[in-house]
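Novice: got a sequence here, can you model it:
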Amino acid sequence: MAGRNVAGDGAWRDHRDQGQEHPALRVGPGCHRFALPHPYASEPVIGTARRTRSSIQSDFIEIGSLRVHHMHGGRGTPVVFIHGLGSSSYMEWRYNLEATGAKHRVFAPDLPGYGRTEKPRVRYSIPYFARFVERYIEDRGLRSAAIVGVSLGGRVALEVALERPHLIPRVGEAVMRFTRGALHWASPSLIRRVAARYGGNGADLERAMDDAYLKDLRELYATDEFHNAYLSTVRSLVNPRALLGGHHDVSSRLSEIKIPLQLIWGSDDPLFPVAHATRAHALVEHSRLAIIEGAGHSPQAERPEEFNRVLLNFLGS
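Specialist: Model prediction:
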């Protein structure tokens, strides 16, 4: 299935003029290691990679004509991690990939428009991201893969589960719905609050959010390309007509999901209260629900050890 074109060549070949080419060293079929273009040279993943030895690799690949950054590593059955709105594979999953990679082969792409993946001028929507994930899975030569998504990534994972269930044997953390209040973009003066989703709470968060880290985030988020992708995604989420055939409120279709689903929820999630999780759990026949006490909207970053334990138990079942 590696050669199958899920989205159609036209969906990915109109963006060759997005960004400039950079010197590359071919490291495998369809896989390149690129010099890092500005402004991503200062993205937190770069400095961290220099300081630590990790089994997780960071590479660029080409899907159609779209240059895609992804993180990957480990051995075993495949698991694909999908990040949330305004994030990247590193920012979202930096506490989870290594632990999961000890028992599974892990993949974490930056979605189009985010992280270090190219940012074409297209209409970003849940169906668009879902078709990208389908193409990514098949382009990696995977017959199927478990999907773990957070926030927007969870919604994308559910779209794939509903439309292409044969691709994914099970789905990890998923958030079912979005509200207008949860999706507006913070001004630069509120960037600390935005980044706080990924860094934990309390004193640990304050230590992580030093001036250098904030500068990295501001550079990453300051590009026009990122801003356009972000606003396009938000418009599609708050405007059902912009979903291009997708399902803005997926709750009415949850009973259609027949594959195993693990819901991992923070007990103190300020955006989506636990009631959302209990409702979804009741609607999906083969579902599990784990509530992580003391965690907010990002349990994978706030309580990574407990999150990883729940996820690995689910994947191994």
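Novice: only C-alpha atoms from now on, for both contacts and neighbour counts.
Specialist: Will do.
Novice: show me the helices in this structure, by range?
Specialist: 9-12, 44-51, 89-93, 97-101, 126-139, 152-163, 191-199, 202-208, 211-221, 224-238, 274-283, 299-302, 304-315 (DSSP state H).
Novice: residue ranges with poor pLDDT in this structure?
Specialist: Residues of the chain meeting the criterion pLDDT under 70: 1-53, 169-224, 226-227, 230-251.
Novice: may I have stretch 293-303 as CSV, with CA atoms only?
Specialist: Provided in CSV are the C-alpha atoms of stretch 293-303 (Å, rounded to 0.1, in the frame of the first residue of the first chain):
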residue,chain,number,x,y,z
GLU,A,293,-6.1,13.5,38.1
GLY,A,294,-4.6,16.9,38.3
ALA,A,295,-4.0,17.2,34.6
GLY,A,296,-5.5,19.8,32.3
HIS,A,297,-5.9,19.9,28.6
SER,A,298,-2.5,18.3,27.9
PRO,A,299,-2.1,15.2,30.1
GLN,A,300,0.6,13.9,27.7
ALA,A,301,2.8,16.8,28.8
GLU,A,302,1.5,17.5,32.3
ARG,A,303,1.5,13.9,33.6
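Novice: may I see the buried residues of that stretch?
Specialist: 295-303 (16 or more other C-alpha atoms under 10 Å).
Novice: again with stretch 136-145
Specialist: Buried, per 16+ other C-alpha under 10 Å, within stretch 136-145: 136-139, 142, 144-145.
Novice: residue 96: what's it in contact with?
Specialist: Residue 96 sits next to 300, 304, 308 when contact means C-alpha atoms under 8 Å, 6 or more residues apart in numbering.
Novice: can you list the buried residues of stretch 136-145 in JSON lines and add distance to residue 91?
Specialist: Output for the buried residues of stretch 136-145, formatted as JSON lines (distance: C-alpha to C-alpha, whole Å):
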{"residue": "136", "distance to residue 91": "20"}
{"residue": "137", "distance to residue 91": "21"}
{"residue": "138", "distance to residue 91": "24"}
{"residue": "139", "distance to residue 91": "24"}
{"residue": "142", "distance to residue 91": "25"}
{"residue": "144", "distance to residue 91": "25"}
{"residue": "145", "distance to residue 91": "22"}
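Novice: need the max-distance pair from those residues.
Specialist: 139 and 145 (12.2 Å; C-alpha to C-alpha).
Novice: give me the neighbour count for the residue nearest to residue 85 when sequence neighbours are not counted.
Specialist: The shortest distance from residue 85 to any non-neighbouring residue, by C-alpha to C-alpha, 6 or more residues apart in numbering, is to residue 152 (5.6 Å). Residue 152 has 24 neighbouring residues, counting by other C-alpha atoms under 10 Å.
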